[in-house]
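Novice: quick one: sequence and predicted model below, then my questions.
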Amino acid sequence: MNEVSDTARFSTMEEPNIVEIRRIIQKRASITGYAFAFPATLLLAVIILLPIAIVIFLSATDYTLGALNWSFVGLTNYEKLLSDAVFWRSIKNTFLYVVIVVPGSVGLAFLLALLVHERVHTKRLYEIIFFLPVTGTLVAMAIVWQFLLHSRVGPVNLLLLENGFERIGFFTDPNLAMISLAMIGIWQLIGFNLILFLAGLAAIPKDIYDAAALDGVDGGIDKLARITWPLLGPTTMFVTITTSITAFQVFDTVAVLTKGGPRGSTDVLLYQAYLEGFQYFEIGYAACLTLVFLTFILLLSLVQVRFFDKRVHY
């Protein structure tokens, strides 16, 4: 009887100690977790959140680069934005570029991925060839395209003349300048999207195709519509979103090839923000344009995620 009571008393004395030890261990684990997360959180705050906060602050001021005196103007910059015809023109041109580049680069990359994926001996060669534009600097490539499509000495126009056609002003015709820039954008993005689609195709198990063949799905169109395309849903969503963001960020080719011309036909939103900030030194107004740009990127990504979320199966 005494032994039983001693054991019970011993267990009741140790139980609080065990609970306390567990609390200490959990507390130390939490501190360790916060310690590991702190550097990444600090880096995120300094590199991303702090610049965005500064842009929001500047957008509410009339600050010009190098000025010693500035003041808060509230929503004045945004009111100016809504009445600015150049701003609305840049929005229209940016969306036109996105509408051409996104379907073109995603659709062509998907078709090319289907063709390259079936290759056996030359698959690596095609991957390298199509990925080369991604490895090059877009500014340098833009200069090459400027020479190729030059209205006077460009090889493309010389070839057209030799075959009885008239010269085409790829970058001097207001009706063709944006289309020409969009074609360069498709050429630059198609290689990266191709590699992503090839990775998605390689991840589809062959057993699914074998099982589908037993059920009568053995034709190329049937396999594409019933198996390949649905299983590539997550890859397609990622490729479409990243391509849309990249297309919205068009700047290099505009700055090098057209500088917003001819007659403002290629004046895009990011280039307009650059002009306001670093040509006219209107930092407050440029910050306002940058905020609008970031808002469009966020809304576009959210809409696409919501659209694909109902159609993508993981």
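Specialist: On my side now, so go ahead.
Novice: from here on, contacts and neighbour counts on C-alpha atoms
Specialist: Fine.
Novice: quick one: distance of stretch 85-93 to the chain centre.
Specialist: The chain centre lies 21 Å from the centre of stretch 85-93; the measure is C-alpha atoms, centre = their mean, to the nearest Å.
Novice: what does it contact?
Specialist: Residues outside stretch 85-93 that contact it (C-alpha atoms under 8 Å, 6 or more residues apart in numbering) are 81-82, 178, 264-269, 272.
Novice: what about Gly191, which helix or strand?
Specialist: Using DSSP states H and E, Gly191 sits in helix 177-202.
Novice: tell me the buried residues in the helix or strand following that helix?
Specialist: Where DSSP H and E defines the elements, the next helix or strand beyond helix 177-202 is helix 206-214. Within helix 206-214, the residues scored as buried using 16 or more other C-alpha atoms under 10 Å are 209, 212.
Novice: do stretch 163-173 as well
Specialist: Buried residues in stretch 163-173, defined by neighbour count with 16+ other C-alpha under 10 Å: 167-173.
Novice: can you redo those residues as a markdown table with secondary structure, pLDDT and distance to Thr61?
Specialist: A markdown table is the format used below for the buried residues of stretch 163-173 (DSSP: H, G, I helix; E, B strand; the rest coil; pLDDT from 0 to 100; distance: C-alpha to C-alpha, whole Å):
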| residue | secondary structure | pLDDT | distance to Thr61 |
| --- | --- | --- | --- |
| Arg167 | coil | 89 | 48 |
| Ile168 | coil | 91 | 45 |
| Gly169 | coil | 90 | 42 |
| Phe170 | coil | 92 | 40 |
| Phe171 | coil | 92 | 37 |
| Thr172 | coil | 90 | 37 |
| Asp173 | coil | 91 | 38 |
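Novice: between these, which is closest to Ala287?
Specialist: Of all the buried residues of stretch 163-173, Phe171 has the smallest distance to Ala287: 29.1 Å, by C-alpha to C-alpha.
Novice: what's the domain layout of this structure?
Specialist: 1-59, 84-309 (automatic domain parsing).
Novice: among the ones you listed, which is the most enclosed?
Specialist: domain 84-309 (a mean of 17; mean count of other C-alpha atoms under 10 Å).
Novice: I figured Thr290 hits Tyr274, correct?
Specialist: No. Thr290 sits out of contact with Tyr274 when judged by C-alpha atoms under 8 Å, with a separation of 9.2 Å.
Novice: low-scoring stretches of the stretch 1-150 of the chain, by residue?
Specialist: Filtered on pLDDT under 70, the stretch 1-150 of the chain yields the residue ranges 1-16.
Novice: again, only using 90
Specialist: 1-38, 40, 48, 62-75, 80, 115, 117-143, 150 (pLDDT under 90).
Novice: would you list the domains of the chain in TSV and tack on distance to Leu65?
Specialist: Shown next, in TSV, are the domains of the chain (distance: least, C-alpha to C-alpha, whole Å):
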stretch	distance to Leu65
domain 1-59	11
domain 84-309	5
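Novice: CA atoms of the helix or strand hosting Met141 as CSV?
Specialist: Assigned by DSSP H and E, Met141 falls within helix 138-148. Provided in CSV are the C-alpha atoms of helix 138-148 (Å, rounded to 0.1, in the frame of the first residue of the first chain):
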residue,chain,number,x,y,z
LEU,A,138,17.3,41.6,-74.9
VAL,A,139,18.9,45.0,-75.6
ALA,A,140,21.7,43.4,-77.7
MET,A,141,19.1,41.3,-79.5
ALA,A,142,17.0,44.4,-80.1
ILE,A,143,19.9,46.1,-81.9
VAL,A,144,20.2,43.0,-84.1
TRP,A,145,16.5,43.1,-84.9
GLN,A,146,16.8,46.8,-85.7
PHE,A,147,19.4,46.0,-88.3
LEU,A,148,17.4,43.0,-89.7
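Novice: state the next helix or strand along the chain beyond it.
Specialist: helix 155-162.
Novice: quick one: that following helix to helix 138-148, angle?
Specialist: Angle of helix 155-162 versus helix 138-148, following axes from the mean of the first three to the mean of the last three C-alpha atoms, to 10 degrees, is 20 degrees.
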